[in-house]
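Asker: Okay, here's the prediction I keep looking at, along with the sequence it came from:
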Amino acid sequence: MKKIQKKWILAVFLFLAAAAAVWMMKDSGTGRPGGASSSSSPMAEFSGADLKEEENGQLVWSLKVDHVKVDPQTQISYLTGVQGFFQKGDSRLKLQAQHGTVDQKKKQIHLEGSIEGKSSDGITLNAKNLDYDGNTDILSAQGGFTAEQDGRVLTADSFTADRVLQEIKAMGSPRLSERNDAT
């Protein structure tokens, strides 16, 4: 256990040292995604990063990203190629998205671009965007979504749910139907 803990501390230290070095060497006009931030701070960039949040020793979410740009002033991370999960007890919602942001100050995650998810109890989720508010522990989506389980399909304009989709509230033209499989 001590070896794992030492490796974790070393990894965090190396990540922070690299971020500080990149931040100090960057020109203030480079590294910013087009119009994504109004900060004048240079961005720190990393490939193949892992982002996580724990609460009371329990993992809340974990994201593996292909590429991340971090604004050290606003503490907003801009993500591409996102794969990860939200967890609550033994339940988990795995998902993937094309892009996203993590706002560490506000404890908010925004994912967008053909989001696909699968919960540990068999719910398949498809959405255009997905937001997680760490202050309220609520997932939400606007602009349409589909949730399917055991041949039942729920569609609506938007939803709110707990972070692992155990309780879903569909809003805006909700519709529950049976999937018709031609077998």
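Answerer: Everything's here; your move. Numbering: from 1, shown residues only.
Asker: Could you use CA atoms for every contact and neighbour count after this?
Answerer: Will do.
Asker: The closest residue to residue 84 other than its chain neighbours: how many residues sit nearby?
Answerer: Distances taken as Cα to Cα, 6 or more residues apart in numbering put residue 63 closest to residue 84, at 4.2 Å, once the chain neighbours are dropped. Look at residue 63: counted by other Cα atoms under 10 Å, it has 21 neighbours.
Asker: what sits against residue 63?
Answerer: 50-52, 82-85 (Cα atoms under 8 Å, 6 or more residues apart in numbering).
Asker: what bridges to it?
Answerer: Under the criterion DSSP bridges, residue 63 forms beta bridges with residue 51, residue 84.
Asker: re the thing from before, output the contacts of residue 63 as JSON lines; include the columns neighbour count, pLDDT and distance to residue 72.
Answerer: Putting the contacts of residue 63 into JSON lines (neighbours: other Cα atoms under 10 Å; pLDDT from 0 to 100; distance: Cα to Cα, whole Å) gives the following:
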{"residue": "50", "neighbour count": "15", "pLDDT": "92", "distance to residue 72": "17"}
{"residue": "51", "neighbour count": "13", "pLDDT": "92", "distance to residue 72": "15"}
{"residue": "52", "neighbour count": "13", "pLDDT": "93", "distance to residue 72": "17"}
{"residue": "82", "neighbour count": "24", "pLDDT": "97", "distance to residue 72": "20"}
{"residue": "83", "neighbour count": "20", "pLDDT": "97", "distance to residue 72": "23"}
{"residue": "84", "neighbour count": "20", "pLDDT": "96", "distance to residue 72": "23"}
{"residue": "85", "neighbour count": "22", "pLDDT": "97", "distance to residue 72": "25"}
